[in-house]
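Chemist: Show me the folded form of this:
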Amino acid sequence: MQALNDDDLSHVINCTLAYKVWQFLITTHEGTSQVKMAKIDLLRSQYENFHMHDNESINDMITRFTKITNGLSSLGDKIDNDQRGLNIIRALPTSWKVKSTTLKKLNDKEEMDFMGLVKNLKAHEMERKDREERDTKKKKSIASNIRLPTMKI
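Modeler: I've put the predicted structure just below:
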C-alpha cells in the first residue's frame, strides 16, 4: 500500500533520509511558517465572519463551517466545541432569531454538545420547511376559492 500520492512520491523518491522526506511534505502541504501563519489568518477571518448564506441548508452551512475549523485545527489552531457552537448560533440569519435566542439561553445554562446543536438545527429547519409548505398550500387553496363577480353586458 502506498501512503503518498503520485506527485509527492515523485518528488521524494530520491531522498535518502526520512527527515528530508518529512521536510518536503511539511513545506509542500503546510508551507513555510510564514505561509502557515497566512493560512491561519485567512481561516480565522473566515471563522470570525462566518454566517449562513441565503437559501443555504443547515447541512451545507455545517459542512462549510467544518472545513474552516478543520483547516484551523490541522494548522494547530484548535477551537473548542463550545466556541464552535456559539459561532454557529451567531451565524444564523435573522429569520432564525427566536431559535438562536433559545439556543443561546440554553448554552448559558450548560455547555452545548456540538453534534446535539447540529441535530437541533436540522430538526428546526425541517419544521420550518414543513410549516412554509403548509402555508403555501393554504394560500393557494384560499386563492383558488375566491370567485370574482362576473359582469353582464
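Chemist: Can you find the helix or strand of this protein with the lowest average pLDDT?
Modeler: Using mean pLDDT, DSSP states H and E, the weakest-scoring helix or strand in the chain turns out to be helix 6-12, at a mean of 78.
Chemist: what does that helix contact?
Modeler: By C-beta atoms under 8 Å, 6 or more residues apart in numbering, the residues outside helix 6-12 that reach it are 2, 4, 20, 21, 24, 25, 28. In short, each C-beta sits where N, CA and C put it, glycine included.
Chemist: any idea which of those has the most stuff around it?
Modeler: Neighbour counts for the contacts of helix 6-12 peak at residue 21, which has 17 neighbours (criterion: other C-beta atoms under 10 Å).
Chemist: you'd agree that residue is up against residue 13?
Modeler: No - taking contacts as C-beta atoms under 8 Å, residue 21 lies outside contact range of residue 13: 9.4 Å.
Chemist: Could you tell me the end-to-end distance of stretch 104-124?
Modeler: Stretch 104-124 has an end-to-end distance of 15 Å (C-alpha to C-alpha, to the nearest Å).
Chemist: Buried residues, that stretch. List them.
Modeler: By neighbour count on 16 or more other C-beta atoms under 10 Å, the buried set for stretch 104-124 is 112, 114, 117, 118, 120, 121, 124.
Chemist: which residue packs closest to residue 81, ignoring adjacent ones?
Modeler: Nearest residue to residue 81, sequence neighbours excluded (C-beta to C-beta, 6 or more residues apart in numbering): residue 114, at 4.4 Å.
Chemist: which residues of the protein score low on pLDDT?
Modeler: For the chain, applying pLDDT under 70 flags the ranges 1-2, 30, 108-112, 142-153.
Chemist: can you list the domains in it?
Modeler: Domain ranges of the chain: 1-30, 38-117, per automatic domain parsing.
Chemist: got these as CSV, with distance to residue 141 columns?
Modeler: Converted to CSV, these look like this (distance: least, C-beta to C-beta, whole Å):
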stretch, distance to residue 141
domain 1-30, 58
domain 38-117, 24
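Chemist: Of the ones you listed, which stretch is the most buried?
Modeler: Of all these, domain 38-117 carries the top mean neighbour count, a mean of 14, counting by mean count of other C-beta atoms under 10 Å.
Chemist: so how far does that one reach from one end to the other?
Modeler: Start-to-end, domain 38-117 (C-alpha to C-alpha) is 31 Å.
Chemist: following the least confident helix or strand of the chain, which helix or strand comes up?
Modeler: For helix 6-12, the following helix or strand on the C-terminal side (DSSP states H and E) is helix 18-29.
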